[in-house]
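# Build the 3D model from these lines:
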Amino acid sequence: MGLLLTVADRLTETLEPIAAQFRGMNLPEPITHWGHPLMMGIVMFAMGTAAVSLGWKGRLAEPSDEKATLLTNHKRLALWMTTFMAMGYSGGLLSLVMQQKPILESPHFWTGTLVLGLLGANGAISMSKFGGGKPELRTAHAYLGTAAFGVMVLHAVFGLRLGLSF
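Presented below is the predicted three-dimensional model:
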């Protein structure tokens, strides 16, 4: 114990008591193995696609009540999607610990980290009210959100590969 543990070792050590409780529930293996990907796939494809679509429709619409509604719905949905993504991130780590697999090593982990970073940056831009309504920040927000969704798709591919590898 005198050696410094790596971040992954410390995180695994922290999550292990929770993982052991879930393991003790004797959940069917397909749920343990594929539950995280299924739930996050729904969040990503349903909420992510809708958030991107609403955002771009609102951005391209002429000023109107419909545009305001589109952008309000985009904002609400994107906030909930980001919340679920953050919860799913921790759930994915817990899933790997439950299955006694290494964490913080796969491209899936790193793309998930990047997605949360991009969503956080995009949220900060929005919460700043686009720097007081600066058009260049609205443009950055639109493209950053689209890029985040693109990374989400890559993340899903890496997740599928990871899930099939064990």
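# Ignoring the adjacent residues along the chain, who's closest to Ser126?
His141 (6.2 Å; Cβ to Cβ, 6 or more residues apart in numbering). All C-beta atoms are positioned from the backbone trio N, CA, C, and that covers glycine.
# Next: Leu11.
The nearest residue in space to Leu11 (Cβ to Cβ, 6+ apart) is Ile103, at 6.3 Å.
# give the contact list for the one you found.
Ala8, Leu11, Thr12, Leu93, Leu96, Val97, Phe109 (Cβ atoms under 8 Å, 6 or more residues apart in numbering).
# picking up where we left off before, how much space between the residue nearest to Ser126 and Ser64?
20 Å (Cβ to Cβ, to the nearest Å).
# higher neighbour count, the two?
Between His141 and Ser64, counted using other Cβ atoms under 10 Å, the more crowded position is His141 (20 against 9).
# Quick check: that one touching Ala124?
No - counting by Cβ atoms under 8 Å, Ala124 is not a contact partner of His141; they are 9.7 Å apart.
# just to revisit the earlier point, any chance of the backbone angles for the residue nearest to Leu11?
Main-chain dihedrals, Ile103, degrees, to the nearest 10: phi -110, psi 160.
# Ok, Gly24 next?
The phi/psi pair for Gly24 (degrees, to the nearest 10) is phi -70, psi -10.
# Quickly note the distance from it to Ile18.
For Gly24, the distance to Ile18 - Cβ to Cβ - is 11 Å.
# more neighbours, the two?
The residue with more neighbours, out of Gly24 and Ile18, is Ile18; 12 against 8, by other Cβ under 10 Å.
# Only the buried residues of the strand or helix carrying that one, if you could.
Per DSSP states H and E: Ile18 is located in helix 7-23. Of all the residues in helix 7-23, those buried under the rule 16 or more other Cβ atoms under 10 Å are Thr12, Leu15, Ala19.
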